[in-house]
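Peer 1: Next input, structure requested:
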Amino acid sequence: MVIVIIVAALLLVMGIVILIGKGDKLIAGYNTASEEEKSQYNVKRLRYLIGGFLIVLAPIVFLLSNGTLEATGYFMTFTMISCIVVIFLANTWAKKK
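Peer 2: Numbering: from 1, shown residues only. Down below sits the predicted model:
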């Protein structure tokens with residue numbers, strides 16, 4: 001249970017750091033991209049998307065700490081669907097036109 005609480009706190013802190021603009025290196029793929037690839041993305045939108053996702057995910061992970069196996073299944077389903085949506089939005093909404 002302690003580990004789940006630590007993970008939830010880390011997700012929350014990382015989300016806040018990304019939202020305030022100090023955590024671009026925490027965004028997977030963006031931190032290793034070349035300057036040419038980085039110029040294709042709207043950084044503010046990407047920060048908003050990834051930071052918001054982490055902040056939404058944090059309390060859900062915290063609630064999982066006392067959950068049952070059925071709750072874990074719902075969490076896994078929600079997380080997988082959310083990740084697909086975030087990846088889609090990162091490659092459409094967060095890209096410069």
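
Peer 1: got any ranges where the protein has weak pLDDT?
Peer 2: Per-residue confidence for the chain (pLDDT under 70) gives these ranges: 68-69.

Peer 1: Buried by neighbour count: which residues of stretch 47-57 qualify?
Peer 2: By neighbour count, with 16 or more other Cβ atoms under 10 Å as the criterion, the buried positions of stretch 47-57 are 47, 49-51, 53-55, 57. In this view, the C-beta of every residue, glycine as well, is placed from N, C-alpha and C.

Peer 1: To clarify, my last question referred to stretch 73-86.
Peer 2: Buried residues in stretch 73-86, counted by 16+ other Cβ under 10 Å: 75, 86.

Peer 1: circling back to that earlier point, list just the nearest of the buried residues of stretch 47-57 to Met14.
Peer 2: Each of the buried residues of stretch 47-57 was checked against Met14 using Cβ to Cβ; the closest is Leu54, at 5.4 Å.

Peer 1: Figure out how far the helix or strand containing Ile81 is from the centre of its chain.
Peer 2: Ile81 is part of helix 69-92, with elements assigned from DSSP states H and E. Relative to the centre of its chain, helix 69-92 is centred 10 Å away, using Cα atoms, centre = their mean, to the nearest Å.

Peer 1: Where do the helices of this structure begin and end?
Peer 2: Counting by DSSP state H, the chain has helices at residues 2-19, 35-38, 43-64, 69-92.

Peer 1: coming back round to it: need the contact partners of the helix holding Ile81.
Peer 2: For helix 69-92, the external contacting residues (Cβ atoms under 8 Å, 6 or more residues apart in numbering) are 46, 49-50, 53, 56-57, 60-61, 63-64, 67.
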